[in-house]
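Peer 1: Next comes the sequence, and after it the predicted model I'd like to discuss.
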Amino acid sequence: MSNPYHVHSLNEDTYLIEEKTLVNQGLCYLLCGKERALLIDTGFGYPGLKETVTGLTKLPVTVANTHAHVDHVGGNHYFEEIWIHEADKPTFALHANPAYTLDILTAGMPGLVRMVLDVLTRKMRRVDTSGNYHYFGDDKVFHLGGRDVEVIPTPGHSPGCVCFLDRKARMLFSGDSVCEWGVLLHFEKESCPPKTYLQSMERLKGLEDAYDTMWPGHHGYPVEKAYVDEYLTCAGQIVDGTAEYGVTQGRRCAKYKRILITVPKEAVREI
């Protein structure tokens with residue numbers, strides 16, 4: 001495989017690292033201070049990630065994950081210091097199990113398709129859990145030297161989902177909590193109730209004066225701040241029973257304007 005990592009400079013101290021192959025696309029971010037660098041997420045962690053990062057900075061690199069899903073933690077072990085929200089410890093254990101991540105990937109698919117995808121994605125789903133792991137709470141701030149990056153808790157997609165806020169650069173790194181396509185809340189063993197996600201969007205709405213751009217974990221980038229309003233409205237409609245539902249990629253979802261939110265079937269109240 002050729003190097004799947006493509007670098008885009010966002011400013012002189014911030015880089016977007018896009019991980020792109022025929023079967024996946026994800027976004028990691030490298031934030032450099034004067035003393036340390038912070039790598040937000042590590043994707044599936046294909047060969048070439050560490051070399052890409054060290055080619056951008058000679059600073060010691062700390063990894064901080066927006067959440068503990070396999071497509072965000074796969075390259076953690078390449079780096080010396082790793083941080084995940086304490087609420088995602090169980091999620092990390094689930095996503096370190098290739099059988100579990102195969103079940104997520106192939107839910108509702110025929111057996112033959114499952115067998116093919118098992119072979120095609122086996123290396124991607126194998127997580128090296130070794131490394132110097134630390135766990136932060138809701139109030140964690142990463143001090144990089146002249147640059148502070150705050151943890152903003154946004155549970156929903158997983159219990160330990162967070163965004164990272166750089167007030168000085170006026171940038172919010174939103175992980176899978178806000179993407180242009182949709183947010184997944186249908187994972188039965190790990191997703192939070194829609195009401196919890198609604199509260200997370202209320203938190204981001206309350207901080208909207210602190211950032212100008214949002215940088216997501218997948219899909220197009222940057223994301224307009226107006227997406228927070230759309231997710232806020234859609235989550236509110238799910239909670240109050242007025243959401244409009246459809247099916248996308250075989251998953252039940254509530255839809256509003258440009259976005260969708262998947263939910264477990266038992267959480268859907270038909271209108």
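Peer 2: Now that the structure is in, tell me what you want to look at. In this text the structure is predicted, and so the values were computed from the model without any measurement.
Peer 1: how about L27, secondary structure?
Peer 2: Three-state call for L27 (DSSP: H, G, I helix; E, B strand; the rest coil): strand.
Peer 1: correction: K50
Peer 2: Here K50 is helix, with the state taken from three-state DSSP.
Peer 1: Run a quick neighbour tally on it.
Peer 2: 17 (other CB atoms under 10 Å). For the C-beta atoms, the positions are set from N, CA and C on the backbone; glycine is no exception.
Peer 1: List the contacts of the nearest residue to it once chain neighbours are set aside.
Peer 2: Closest residue in space to K50, ignoring its immediate chain neighbours: Y78 at 4.1 Å, by CB to CB, 6 or more residues apart in numbering. Counting by CB atoms under 8 Å, 6 or more residues apart in numbering, Y78 makes contact with 42, 45, 49-50, 53.
Peer 1: Next, work out how far apart Y78 and Y15 are.
Peer 2: Here the distance between Y78 and Y15 works out to 16 Å (CB to CB, to the nearest Å).
Peer 1: what's P153 in contact with, if anything?
Peer 2: P153 makes contact with 85, 138, 161-162, 200, 203, according to CB under 8 Å, 6+ apart.
Peer 1: Quick check: beta-bridge partners of it?
Peer 2: For P153, the residues forming beta bridges with it (DSSP bridges) are V162.
Peer 1: Please, where are all the helices along the chain?
Peer 2: Taking DSSP state H, the helices of the chain run over residues 49-54, 70-73, 89-95, 98-105, 111-121, 194-206, 226-240.
Peer 1: Can you give me the buried ones in the helix or strand bottoming out on mean pLDDT in the chain?
Peer 2: Within the chain, no helix or strand scores below helix 111-121, which has a mean of 82 by mean pLDDT, DSSP states H and E. Using 16 or more other CB atoms under 10 Å as the test for burial, helix 111-121 gives 117, 121.
Peer 1: neighbouring contacts of that helix?
Peer 2: 23, 102, 105-106, 109.
Peer 1: which one of those residues is nearest E180?
Peer 2: Checking the contacts of helix 111-121 against E180 with CB to CB, the nearest one is V23 at 19.8 Å.
Peer 1: Any chance of the backbone angles for that closest one?
Peer 2: V23 has phi and psi values of phi -120, psi 0 when expressed as degrees, to the nearest 10.
Peer 1: Sketch out the low-pLDDT regions of the chain for me.
Peer 2: 1, 108, 266-271 (pLDDT under 70).
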